[in-house]
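Q: Give me a 3D structure for the following:
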Amino acid sequence: MSNNNQQNGDAELKKGLKGRHLSMISVGGVIGAGFFMGAGSTINTAGPAVVFAYLVGGIITLLVMMLLTEMAVSNPVAGSFQVYARKGVSPYAGFLTGWTYWLAFLMGPASETIAAGTFLHLWFPQVPIWIFCLAVALLMTIINLIGVAVFGEVEFWLSMIKVVALLVFIVWGCLAMGFHMNSGVTVTNMVSNGGFAPAGILGLLGAMIIVMFSYGGTEAIGTAAEESINPEKDIPKALRGTVFRIVVLFVISIGVLVCVLPWQQAGISSSPFVEACRILGGSTAANIMNFVVLTAALSCIDSGVYATSRMLFSLSRDGYFPKVFSKVDEKHQTPVVAIFVSSLVLFVGAIVYLAFPDFAYVYLASVSGFGFLFSWLMIALSQPKMRRLTLEDDPAKLKWKCPGVKVIQPLAVVLMIGILVAQLFVPGGKITLLSGLIWLCFVSIYYFTIGKKMREKTLMQQGIDE
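A: A predicted model of the protein is given here:
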């Protein structure tokens, strides 16, 4: 079992990412405007009980990332789980995973490009939002084209701002409750406005798809494995630190949020964190949090272009797309064409927003959540055979084993299938599932009419059996 990039003789990507970069790339892909703004939608849907939804989402994240870490350490390739799905399930599953993930991780940043433009427009109302969207997309494209080390450094600091801001918010909110600094900030907000779970179990299930969208991006450490300087050491370390930070920051910050801001006041047109900071510290605090949400959007877009361009690069390198997408710039060793194409999709969000401003953000987030959940399901399904293939090829490569894998792997599969099936019974869930299924049908048609034949031709030219 050898890497296709070596078989194909293509240029490899530069190994310029350190452990701290991997940790923050994963955090950057997760804690974006999708969390800071999407929290409003989940709170509206589930009420204060949304804390449990984020806790369950965090547990699923932990299970899937443990399975992914085992595979990424033993097989560090840019395509990550689309390669694992191809080898561990089937070539069709691998292609479906790669392209669905490409869509999922671009629909989120596409909506966040609009979010970033909207946040900037609040400070500079004389400048149209579309100009800010264009500027943000161009900036993120340039950063990704310069080189992976620059990308990693930018992402590190953008993500750091978000983490520090959430920690400050948590401490500030707890102090406000503990010292009764504001009469409206109280733990009783968790139960005094219609109860802890005003929408019942259906509310929790309805919130799960947006919650999973919020957690989507954690798997980006897998796509960065090939460019990691020391993957067998850095990826497990990034896993431990990343999952801990995400679960703690998400669950606790959401808990504090619903104590500061009564859940009925959490809207979807602005960030509930901004409104909560307005309650805690007035307009100045709200403006500071608005800046944080802006950096969160930029960070998530940055991670999105990075991860999806590497996925497109990998799919092209494997023969499913024309070779131009796997072309690597000689100077910076980055997949320039894949980056450009991935960046162009950022503008899809602007188009959808202009056409359907009332529900564009939630719809894009839901479709993105479906894509992430599908990709994670493929990660879990790939692990058993990938471990077996690694042991057959070279047992020494299995340097990190997922603990309790016989329980973790089936549990992860059951939980994710359960969330997808539950969408049939919640408002708006059927639309999300239908959109996801239409996409899978579209991808399947491409695979069986063009992609599969292109892949077979590439392998035949190289004298390689699938």
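
Q: Counting neighbours, what do you get for Ala123?
A: Let me fix one detail, which is that residue 123 is Trp and not Ala. Neighbour count for Trp123, taken as other Cβ atoms under 10 Å: 11. C-beta coordinates here come from the backbone N, C-alpha and C atoms, glycine included.

Q: Could I get the contacting residues of it?
A: Not one residue lies near Trp123 by Cβ atoms under 8 Å, 6 or more residues apart in numbering.

Q: can you list the weak-confidence ranges in the stretch 51-200 of the chain?
A: Along the stretch 51-200 of the chain, segments meeting pLDDT under 70 span 78-79, 144-156.

Q: cutoff 80 now
A: 76-80, 105-119, 121-122, 128-130, 133-134, 136-160, 180-184, 192-193 (pLDDT under 80).

Q: what are the ranges of the helices in it?
A: 81-88, 91-123, 129-146, 148-178, 200-215 (DSSP state H, counting those that start in this stretch).

Q: elements contacting the third one?
A: Secondary-structure packing of helix 129-146 (3 or more Cβ pairs under 8 Å, 6 or more residues apart in numbering; DSSP states H and E): helix 91-123, helix 148-178, helix 272-317, helix 336-344, helix 346-355.

Q: same check, this time on the fourth one
A: In terms of contact count using 3+ Cβ pairs under 8 Å, 6+ apart, helix 148-178 is assigned the packing partners helix 19-30, helix 129-146, helix 231-260, helix 272-317.

Q: deepest of the ones you listed, which one?
A: helix 19-30 (a mean of 27; mean count of other Cβ atoms under 10 Å).

Q: I'd like the mean pLDDT over it, please.
A: Mean pLDDT, helix 19-30: 51.

Q: helix, strand or coil for the residue nearest the centre of the chain?
A: For the chain, the residue nearest the mean C-alpha position is Gly217 (2.1 Å; Cα atoms, centre = their mean). Using DSSP: H, G, I helix; E, B strand; the rest coil, the structure places Gly217 in coil.

Q: What values do phi and psi take at it?
A: Here is the backbone geometry of Gly217 (degrees, to the nearest 10): phi 120, psi -20.

Q: Over to Leu424?
A: phi -70, psi -20.

Q: which residue sits closest to it, ignoring its sequence neighbours?
A: Lys430 (6.2 Å; Cβ to Cβ, 6 or more residues apart in numbering).

Q: surely that neighbour meets Val421?
A: No - the criterion here is Cβ atoms under 8 Å, and Lys430 misses it with Val421 at 11.6 Å.

Q: Can you pull out the low-pLDDT segments for the stretch 251-400 of the chain?
A: 266-271, 296-308, 310-311, 314, 318, 329-334, 343-365.

Q: give the contact list for Val413.
A: Leu377, Ala380, Leu381.

Q: where's the first one, which helix or strand?
A: In the assignment (DSSP states H and E), Leu377 maps to helix 360-393.

Q: Measure how the helix or strand following that helix sits relative to helix 200-215, angle-wise.
A: Counting by DSSP H and E, the next helix or strand C-terminal to helix 360-393 is helix 405-422. Orientation of helix 405-422 against helix 200-215 (axes from the mean of the first three to the mean of the last three Cα atoms, to 10 degrees) gives an angle of 110 degrees.

Q: What are the buried residues along stretch 409-419?
A: Buried residues in stretch 409-419, counting neighbours by 16 or more other Cβ atoms under 10 Å, are found at Gln409, Ala412, Val413, Leu415, Met416, Ile419.

Q: Surely Thr218 touches Ile60?
A: No - Thr218 is beyond contact range of Ile60, at 10.2 Å (criterion: Cβ under 8 Å).

Q: Please check the contacts of Val413 and keep the buried ones.
A: Using 16+ other Cβ under 10 Å as the burial test, these include Leu377, Ala380, Leu381 as buried.

Q: In JSON lines, list the residues you listed along with distance to Tyr84.
A: Converted to JSON lines, the buried ones among the contacts of Val413 look like this (distance: Cβ to Cβ, whole Å):
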{"residue": "Leu377", "distance to Tyr84": "12"}
{"residue": "Ala380", "distance to Tyr84": "10"}
{"residue": "Leu381", "distance to Tyr84": "9"}
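
Q: from the residues you listed, which is closest to Asp318?
A: Leu381 (18.7 Å; Cβ to Cβ).

Q: re earlier: to Pro262, which of the helices of the stretch 51-200 of the chain lies closest?
A: helix 148-178 (13.6 Å).

Q: now the angle from the closest one to helix 272-317?
A: Angle, helix 148-178 to helix 272-317, by the same axes, to 10 degrees: 150 degrees.
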